Every structure is written in C-alpha cells, then in structure tokens.
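The following block contains a protein sequence and its predicted model.
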Amino acid sequence: MKILADQNMPLVEQYFADFGEVERFDGRKLTPEQLVDVDVLLTRSVTRVNHELLAQANKLSFVGTATIGIDHIDTQLLNNKNIAFSSAPGCNAVAVAEYVISSLFALSQENARPLSGQTIGIVGVGNIGDCLAQKLKALNVDVILCDPIKYEQGLLENHVTLDELLAQSDIVTFHVPLVKSGEHKTLHMMNKARLKALKPGLTLINASRGDVIDNQALLEIMQAGADLDLVLDVWEKEPNILTELLEHVRYASVHIAGHTLEGKARGTQMLYQKLCELKSVEASKSLDDFLPLPVITSATITQHFNEQDIARLVHLIYDVRRDDGILLRHLENDGFDSLRKNYPVRREFSTLSLQGESPQLAALSQLGFTIAK
Ligand SMILES: NC(=O)C1=CN([C@@H]2O[C@H](COP(=O)(O)OP(=O)(O)OC[C@H]3O[C@@H](n4cnc5c(N)ncnc54)[C@H](O)[C@@H]3O)[C@@H](O)[C@H]2O)C=CC1
Ligand SMILES: O=C(O)C(=O)[C@H](O)COP(=O)(O)O
C-alpha cells in the first residue's frame, strides 16, 4: 500500500508504516501526478482535494484530513468516486480553547481588566466552542452562546442570535466552520455593517477560518479608528494575508491555534484508527506510545491562588504572545508557511500536574490542568 502524507503531519511513519510505504508531500504543492498508484492520501487543511487533484488518482481508496475543518475537501466528489473519507473531529478542540484562554489572560493583564465580570460570546458551540465554554465556567465569566444549528436540533439550551451576542458581549470568539452558502452561511458573517456596529473596547477573536471576517472591511474600520482588541489566528487568503491589518492586531498568529503536539498527534491517530477500521485491523498503537515527556511536569500551588496566579500558570504552559510579533518579521517569501512548519513544541495544560491545598484546584482542573492524587 502506498501512503502519501503531508510533511507537517507528525507521527505518520510511527502509526502507518505497518500498512505500507509512507511518502511525504508539501501540502500546498501536491500535483495530480503524485497521486498515481497512491492508495491513501493524508492531508492537512492547506491541500485542496478536488476534481483537478484527483484526475490521475487510479488507486485511491481513502482520504483523511487530520483537521476538523473540511472546507478544503470536495466530499461529494469522494463519495461519487467511492473513496472513503475521514476528518479528525475534536482532535484540536483543547488546543484551540487553550489558545483562547491564553489570549484572554494576556489581554486581561495588559488592559488591567479582570476576566471575572466580563461577558464572553462564543459563536459556534461544537467541539471547540463547547470545550471553551466549559473552561470559562471555571473563571467566573458570563458566557453566552450562538449556534442556531445546535439550538434547532435541541442540543443547546440557551442561544442568542449573532447580533444579540455582539451587542451583549465584551469579548467575542468565533469557532464556526467555513460555510459559503445557505441559511447558516459563515462566509463574511462579520461583514462591514456588523464590524462598524461593534461597541468600542470589544475584543474580537478569530481562530476559525479567516473568511468568517471580511478582512478588508476590518482593515478599513481599524484605519478609521475603531477601538477594538483584535486577536487573529486565521486570515483571508492564507498564506498571502492582508499585511496592512497586522499593525492593528493585538495578537497575530499563523493559523496555529490548534497546533499543540497533542492536538496534531491526535489528528494523525484518528486517521490511523479510521484506516484500521476500514481494513478490519486492530488499532494497537496509541498516543502514549509516542508523546515525549513535557519539560515541566509538576507544580505546587499555594492556598491563596487568585486569577492572576491562574494567568501565570496558564502562560507557563502557553503564552500566546510568544507567537505574536514573529509574523510581522517573517512575512517575506515563505514566511507564513515556514512559521507553521517550524512551529515550536507546544503542550496542553493537562501535561502539568498540580498539587497543593488551594481552593482553586477545582477551577484549575476544569481549565484542563491535571490534579495530582
Ligand atoms: N485555527 C485553528 O488552528 C483551528 C481552526 N479550526 C476551525 O474551527 C472550526 C470549528 O471547529 P470545531 O468546534 O472542532 O467544529 P465543530 O464542527 O465541532 O463545531 C462547529 C459548530 O459551529 C456551528 N455553526 C455552524 N454554522 C454556524 C453559524 N452560522 N452560526 C453559529 N454557529 C454555527 C455548528 O453547529 C457546530 O456546532 C473548524 O471548522 C475549523 O474551521 C479548527 C481547529 C483548529
Ligand atoms: O483542524 C482544523 O480545521 C485546522 O484548522 C487545523 O488545526 C490547522 O490546520 P493545518 O495545520 O492542517 O493547516
């Protein structure tokens, strides 16, 4: 069996070598010729799997994307061609939620405004939005949710419309898929009219897909003096982003919100499990076999732990500001993609085991830290 895998997908050899020969490709440069005689194609979000790419795919029986977003895959085409398909739902939900939590604490410190007492609006309450909402409950913030699809399905008790959410929130964070048409279209859901109507001082976070916010309109309102704190991980037209926007963004990163070691590795593992299922083989390998020990494994916390101490603990594991700024300096040539490819190792909160007597342990556990027994 011949397996073709994106070069930015970790642990493919470890998981898939028993199935056959593994070859790597550059996600943005894959050509139809490379798919001749390939049985399994494993992608990330940057490879468009469409009619043109599959023109010479004579043996392809499985396509997997180690992502939750599937806007780069023509799933109808795969279905028509009888090619099995799988994404990796939930693989990076914790990572993205932790990216948001890290951003919230960084802004709270820099703006000298405690998180508790603020209202956070989450748009899209799937794997990520739900995980984030659970973590935020630990921090005494008010959370309001917008997800008309889950609400209509009876899967969400409280739901407000997007416009209600924008009016009521101090911080708004987007976790929707990119949907280009239909009743619940998300393409440019933050259009110029909505952007112009945002209340001064609001924080806008986008770690979903760049096209959810009209980037040109956002630039125009920022240039006109809009008072917004912007946290952008995703951009329209990646990797050729609207560079003028960068100077207006508090924390700018290169579509790495989901890139914890665990998040990326889980994506690979989920595709391995799917292929095992398709081939009726027992899935014997697991993440614990491959993940290295983190640099910091444990910490003791004191009785009088407060919100600022929690912020310090969060930033000990991941401070979003380590990823901000580098984008501006590395934009030339292959800057955006090379920053993604060479992204330094980032671990999840759960890799830190906490001990101590603090009443804050329950909240820290809810945030995702491990509590020592
Ligand atoms: N920046 C990054 O590194 C990452 C970005 N993403 C993006 O985040 C998106 C969300 O990820 P998950 O939560 O795992 O996906 P999910 O599919 O579990 O959840 C998406 C939720 O959005 C809701 N939704 C759809 N249209 C909506 C609308 N018009 N208004 C409000 N809600 C709507 C759906 O009902 C669903 O509950 C992905 O589709 C992907 O594009 C995901 C992972 C990493
Ligand atoms: O899961 C998704 O959807 C994502 O956006 C990924 O976490 C990040 O995308 P790639 O690393 O696959 O480009």
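Perfect, thanks for sending it. Ligands and ions are numbered 1, 2, ... in the order given.

ok, D163 - contacts?
R194 (Cβ atoms under 8 Å, 6 or more residues apart in numbering). To be clear about C-beta, it is placed using only N, CA and C from the backbone, and glycine gets the same treatment.

Now it: which helix or strand?
Assessed by DSSP states H and E, D163 sits inside helix 162-168.

Output the set of residues of the protein in proximity to ligand 1.
By Cβ under 6 Å from any ligand atom, the residues of the chain that approach ligand 1 are 68-69, 89, 92-93, 96, 123-129, 146-150, 175-179, 184, 186, 207-209, 233-234, 255, 257-258.

Separate out the buried members of the residues you listed.
68-69, 92-93, 96, 123-129, 146-147, 149-150, 175-176, 178-179, 186, 207-209, 233-234, 255, 257-258 (16 or more other Cβ atoms under 10 Å).

Mind checking which of those are in strands?
123, 146 (DSSP state E).

Residue of the stretch 251-373 of the chain nearest ligand 1, please.
G258 (3.0 Å; Cβ to the nearest ligand atom).

Can I get the helix holding D163 in PDB, CA atoms only?
Extracted in PDB, the C-alpha atoms of helix 162-168 (Å, rounded to 0.1, in the frame of the first residue of the first chain):
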ATOM      1  CA  LEU A 162     -25.300  36.700  16.400                       C
ATOM      2  CA  ASP A 163     -26.500  40.300  16.600                       C
ATOM      3  CA  GLU A 164     -27.700  39.900  20.200                       C
ATOM      4  CA  LEU A 165     -24.400  38.200  21.100                       C
ATOM      5  CA  LEU A 166     -22.400  41.100  19.600                       C
ATOM      6  CA  ALA A 167     -24.400  43.600  21.500                       C
ATOM      7  CA  GLN A 168     -24.200  41.800  24.800                       C
END
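
So for the residue in the stretch 251-373 of the chain that ligand 2 sits nearest to, what's the pLDDT?
Here the stretch 251-373 of the chain gets closest to ligand 2 at one residue, G258, 3.0 Å apart by Cβ to the nearest ligand atom. For G258, the model assigns a pLDDT of 98.

Let me see the contact set for it.
67, 91-92, 95-96, 99, 207, 264.

Please report phi then psi for the residue nearest to it when sequence neighbours are not counted.
Excluding the flanking residues, the one nearest G258 by Cβ to Cβ, 6 or more residues apart in numbering is N92, at 3.2 Å. Main-chain torsions, N92, degrees, to the nearest 10: phi -120, psi 20.

wait, N92 sits on M270?
No - in this structure, N92 is not within contact of M270 by Cβ atoms under 8 Å, at 10.5 Å.

Assign a three-state SS to A5, would you?
strand (DSSP: H, G, I helix; E, B strand; the rest coil).

and I70, how many residues sit next to it?
18 (other Cβ atoms under 10 Å).

what's the answer for A299, then?
Neighbours around A299, by other Cβ under 10 Å: 15.

wait, what's in contact with it?
313, 316, 352-355.

and what of A226?
Contacts of A226 by Cβ under 8 Å, 6+ apart are 195-196, 198, 200.

Top of those by number of neighbours, please.
Top of the contacts of A226 by neighbour count (other Cβ under 10 Å): L195, with 21 neighbours.

I'd guess Q76 is in a helix, am I close?
Yes - under three-state DSSP, Q76 falls within a helix.

Out of the contacts of G258, which sit inside helices?
Among the contacts of G258, the members falling in helices (DSSP state H) are 95-96, 99, 264.

Looking at those, which one is closest to A372?
A95 (23.0 Å; Cβ to Cβ).

hey, where'd the strands end up in the stretch 1-150 of the chain?
Under the criterion DSSP state E, counting those that start in this stretch, the stretch 1-150 of the chain contains strands at 2-6, 21-25, 40-43, 62-65, 84-86, 119-123, 142-146.

Out of those strands, flag the one nearest I296.
strand 119-123 (27.9 Å).
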